[in-house]
Structure formats: C-alpha cells, structure tokens
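[1] okay, predicted coordinates and the sequence, questions at the end:
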Amino acid sequence: MSRTLWACVFGSVAVLSARTALAQASTAPVQASPAPAQASPAPAPARPGEYPIGPKDLVEIRVVEVPELNVERRVSDPGTIELPLIGEFPVANLTASEVRDRLENLLRTKFVNRATVTVAIREYASKPVAILGAVRVPGSLRISGRWTLIQALSAVGGLTEQAGRKIFVLRGEGAPDGQTIEISTEDLFRGSSDRWNIPLFPGDVVNVPTRSMMTIYCVGEFKQPGAVQIDGDDRVTLLSAVAKAGGLTDRASSTIRIRRRGSDGKDSDIVVNFRRVLAGKAPDPALKPNDVIIVKESFF
C-alpha cells in the first residue's frame with residue numbers, strides 16, 4: 001500500500017476518533033465556577049464584551065477548527081444555547097469573553113489540540129435601552145452592535161416640541177449607583193460630537209424631560225403687569241422676570257418685595273433694592289414658581 005493511501009486512512013481514523021470524543025463530551029454538563037458568597041458590583045460596561053449575557057440575547061459563535069460550530073443562537077429562558085456536537089451550553093450571566101474561554105477549554109480537552117473561538121453578542125434583548133419622556137414614540141429598544149444617543153433618539157422618532165434643554169442618561173446594570181450623565185440638547189445636535197453623542201449600553205435609560213414653564217406674578221408698577229411664563233430650564237431671577245414683564249414704569253419704587261409661600265402655607269417677603277441689583281452691587285435673587293413680585297409706586 002502506498003504512503004499516500006496510508007496517510008489518508010490514518011487521517012480519517014483520527015478525525016473519526018476526535019468527533020466521537022466530542023460527542024461523548026457533549027453529554028457531560030459544563031460546570032460553571034461557583035460565585036463568591038459576596039460578589040462585588042461589576043464595573044460599568046465599557047464595551048459590549050463586558051455585558052453579561054441574558055435570555056433572548058442573540059449570540060454568534062465562530063470556531064476556526066470546527067466549522068460546524070459557526071452558528072448564531074438565541075439564548076433560552078434557562079440561559080443556555082444549543083450547539084452542534086455539544087448540545088446545551090450554559091451562557092447566562094457570562095460575558096462574551098468568558099463564554100469564549102469556556103468553549104475553548106472544552107474543545108481543547110475533548111476535541112482538538114487548538115481551538116480558535118470568537119463570541120459576539122449580535123442583539124441585546126434581555127436588557128433593552130429605555131427611552132422615556134418627550135420623544136415621539138417612547139419605549140424600549142433592543143439594540144444590536146454599537147448604538148449612539150442620536151441613533152436611539154432617531155429610532156423613537158426624535159424629540160417632541162415639548163422637549164427640554166437637557167437629556168439624562170442613567171447607566172444600566174453594572175454602572176456605579178446613581179451614575180447619570182447630563183447632556184445639553186443644543187450641544188448634542190449642534191455638532192454631534194463624540195463628547196455629547198455618547199454610546200449606549202444594554203440597560204441604559206434615556207430620559208428627555210419636558211420643558212417646564214414657571215409662572216411668576218408681577219404686581220404694581222410694571223409696564224406689563226400680570227402673570228408671566230418663563231422657561232423653567234433657565235435660571236429664573238428677578239431681573240429676568242422684570243424684563244419678561246416689560247420692565248418697570250417711571251413711577252416704580254426701587255424697593256421690591258418678593259412674596260413667597262412656604263411649605264407651611266405661610267407667606268414671607270424678601271426685600272430687594274432693585275437699583276443695587278441692576279447696578280451689579282447686590283445679587284440677583286433667584287425666583288421660585290408662583291413667586292409674587294410687588295413693586296409699589298414711588299412718591300419721591
């Protein structure tokens with residue numbers, strides 16, 4: 001028998017033995033490492049590979065040495081995926097890199113001497129991004145790949161006319177407690193720079209508050225007395241309210257009272273010298289909703 005024929009025979013036997021060993025290994029459950037009794041909080045996700053896989057996520061597997069394992073699988077409710085030649089493989093609460101390492105170890109132990117495995121999460125379905133507030137179609141987005149804030153806002157139809165000047169992004173699971181990113185709406189859409197058009201991660205919550213209007217009542221020597229509406233996103237002060245009311249009349253006293261009702265239901269007055277505020281010699285007091293500005297007539 002020629003050397004070439006002997007090589008083909010031995011090669012076929014080796015492949016058959018390897019696949020038999022892999023089939024036997026698939027019947028044995030893969031044991032996950034026990035979690036510590038008090039695990040410290042995971043760091044905030046910095047890239048998709050650090051995301052813990054959950055049910056309904058779509059996972060892509062690629063193995064150079066075993067083409068049968070080049071598949072995409074949806075994670076089941078118990079947290080497993082069904083792989084050819086292996087069967088059920090647990091992936092719940094593992095990152096993509098952890099799944100890769102465990103699969104490589106299994107293949108090297110039971111099938112091949114070397115395993116080159118890549119694992120990617122194609123769809124984050126278990127922890128969608130929530131878009132709330134003043135957007136056209138608020139709801140949840142099942143993101144796949146790299147998403148930015150503008151992409152997410154576009155996917156829900158964009159902002160409404162009632163949208164305020166700020167957008168808040170609350171980081172999802174794994175982020176430090178209370179980590180909220182505040183973004184100026186004007187800055188976001190002015191240049192769409194990476195500084196403001198930040199990437200989003202699974203579990204993030206994007207909140208677009210509606211623009212709040214503050215009512216201030218102007219009584220007395222105003223050119224346009226009455227209730228004035230001021231954008232609550234701005235810092236509302238005495239000077240801005242006076243300007244909104246058209247300014248003061250020539251008969252207005254320089255002493256102004258700001259009447260404010262407290263939480264106990266009682267009124268209190270803040271006395272301000274308007275000329276000193278106007279000259280920058282006294283601070284311009286901030287106003288609160290439903291404050292009443294009283295300007296009496298001057299007799300001097």
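    Looks like it came in fine.

[2] quick check: closest non-adjacent residue to residue 286.
    residue 237 (5.5 Å; CB to CB, 6 or more residues apart in numbering). Any C-beta I mention is one placed from the backbone N, CA and C, and that applies to glycine too.

[3] look up how far residue 230 lies from the one you found.
    Residue 237 is 10 Å from residue 230, where distance means CB to CB, to the nearest Å.

[4] more crowded one of the two?
    Comparing residue 237 with residue 230 by other CB atoms under 10 Å, the one with more neighbours is residue 230, at 20 against 16.

[5] what residue ranges in the stretch 1-150 of the chain score low on pLDDT?
    Along the stretch 1-150 of the chain, segments meeting pLDDT under 70 span 1-50, 145.

[6] what's the single longest strand in this structure?
    Counting residues, the longest strand in the chain under DSSP state E turns out to be strand 252-261.

[7] okay, domains of the protein per the record?
    What automatic domain parsing lists as the domains of the chain is 19-25+45-126, 129-208, 213-297.

[8] now do the phi/psi pair for the residue nearest to residue 286.
    Note on residue 237: backbone dihedrals following degrees, to the nearest 10 are phi -130, psi 180.

[9] which ones are touching it?
    By CB atoms under 8 Å, 6 or more residues apart in numbering, the residues touching residue 237 are 284-287.

[10] so what pLDDT did it get?
    Listed pLDDT for residue 237 reads 95.

[11] what of residue 258?
    The per-residue pLDDT of residue 258 was computed as 97.

[12] surely it and residue 238 touch.
    Yes - because the distance of 6.9 Å satisfies CB atoms under 8 Å, residue 258 is recorded as touching residue 238.

[13] what touches both of the two?
    Common neighbours of residue 258 and residue 238 (CB under 8 Å, 6+ apart) are 272, 285, 287, 293.

[14] show the buried residues in those.
    The neighbour count (16 or more other CB atoms under 10 Å) marks 272, 287, 293 as buried among the shared contacts of residue 258 and residue 238.

[15] all strands of the stretch 151-300 of the chain, in order?
    All strands of the stretch 151-300 of the chain, identified by DSSP state E, counting those that start in this stretch, fall at 166-170, 180-184, 199-200, 205-208, 213-220, 226-231, 252-261, 267-273, 292-297.

[16] oh sorry, the question was meant for the stretch 1-150 of the chain
    Using DSSP E, counting those that start in this stretch, the strands of the stretch 1-150 of the chain run over 58-63, 71-74, 80-83, 87-90, 117-123, 129-133, 139-141, 147-148.

[17] so how far is residue 294 from residue 111?
    Counting by CB to CB, the separation of residue 111 from residue 294 is 86 Å.

[18] then residue 180?
    Counting by CB to CB, the separation of residue 180 from residue 294 is 39 Å.

[19] which of these two has more neighbours?
    Ranked by neighbour count (other CB under 10 Å), residue 180 and residue 294 place residue 294 first, with 16 against 11.

[20] before we move on, the earlier item: show me what counts as buried in the longest strand of the chain.
    Neighbour-count burial for strand 252-261, counted by 16+ other CB under 10 Å, picks out 252-253, 256-258, 260.

[21] and which of those residues is nearest residue 98?
    Nearest to residue 98 out of those is residue 260 (CB to CB; 57.4 Å).

[22] may I have the beta-bridge partners of the closest one?
    Note on residue 260: beta-bridge partners residue 268, judged by DSSP bridges.

[23] what do you get for residue 295?
    Beta-bridge partners for residue 295, by DSSP bridges, are residue 220, residue 256.

[24] ok, now residue 58?
    On the basis of DSSP bridges, residue 58 is bridged to residue 74, residue 123.
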